[in-house]
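1. A structural model of the following input is requested.
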Amino acid sequence: MSDQLEPVLIHCPYCGEAIEILVDGSVEHQSYIEDCQVCCRPIDINVSVDDNGEPHVSVASENDG
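-> Okay, here's the model as predicted:
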């Protein structure tokens with residue numbers, strides 16, 4: 001597994017803008033909220049890291065849960 005932060009491009013579920021976040025590839029599963037860099041609304045971010053160390057990111061709006 002990776003021990004460094006990796007940039008990942010996501011799209012805000014509110015405004016649709018592409019933004020880059022940094023993902024910690026050393027943590028297998030993580031969930032957190034990060035504000036959109038464009039519209040400042042809270043994005044639910046879920047990250048899982050596969051056996052090859054590749055991060056997979058899914059995003060949702062605060063009310064999708």
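2. show me the contacts for the closest residue to Ile10 other than its chain neighbours.
-> Leaving out its chain neighbours, the residue that sits closest to Ile10 by C-beta to C-beta, 6 or more residues apart in numbering is Val59, at 5.1 Å. Every residue, glycine included, has its C-beta placed from N, CA and C. Residues in contact with Val59 (C-beta atoms under 8 Å, 6 or more residues apart in numbering) are Ile10, His11, Cys12, Pro13, Ile43, Asp44, Ile45, Asn46.
3. Just give me the neighbour total for the closest residue to the fourth one other than its chain neighbours.
-> Translated: Pro13. Leaving out its chain neighbours, the residue that sits closest to Pro13 by C-beta to C-beta, 6+ apart is Ser61, at 4.2 Å. One way to gauge burial is a neighbour count; for Ser61, by other C-beta atoms under 10 Å, it gives 13.
4. Tyr14 too?
-> Here the neighbour count serves as a burial measure; for Tyr14 (other C-beta under 10 Å) it reads 15.
5. show me the contacts for the spatially closest residue to it that is not a sequence neighbour.
-> Leaving out its chain neighbours, the residue that sits closest to Tyr14 by C-beta to C-beta, 6+ apart is Arg41, at 4.5 Å. Arg41 makes contact with Cys12, Tyr14, Cys15, Asp35, Ser61, Glu62 under the criterion C-beta under 8 Å, 6+ apart.
6. hmm, back to that, measure the residue nearest to Pro13 to Asn52 for me?
-> Noted for Ser61: a distance of 29 Å to Asn52, by C-beta to C-beta, to the nearest Å.
7. Which residues are in contact with the most centrally placed residue in the chain?
-> Taking C-alpha atoms, centre = their mean as the criterion, Ile45 is the residue nearest the geometric centre of the chain, at 4.4 Å. Contacts were defined as C-beta under 8 Å, 6+ apart; by that measure Ile45 touches Ile10, Ile21, Ser31, Tyr32, Ile33, Glu34, Val57, Ser58, Val59.
8. so what pLDDT did the closest residue to Leu22 other than its chain neighbours get?
-> Nearest residue to Leu22 in three dimensions, chain neighbours excluded: Leu5, at 4.1 Å (C-beta to C-beta, 6+ apart). In the prediction, the pLDDT value recorded for Leu5 is 89.
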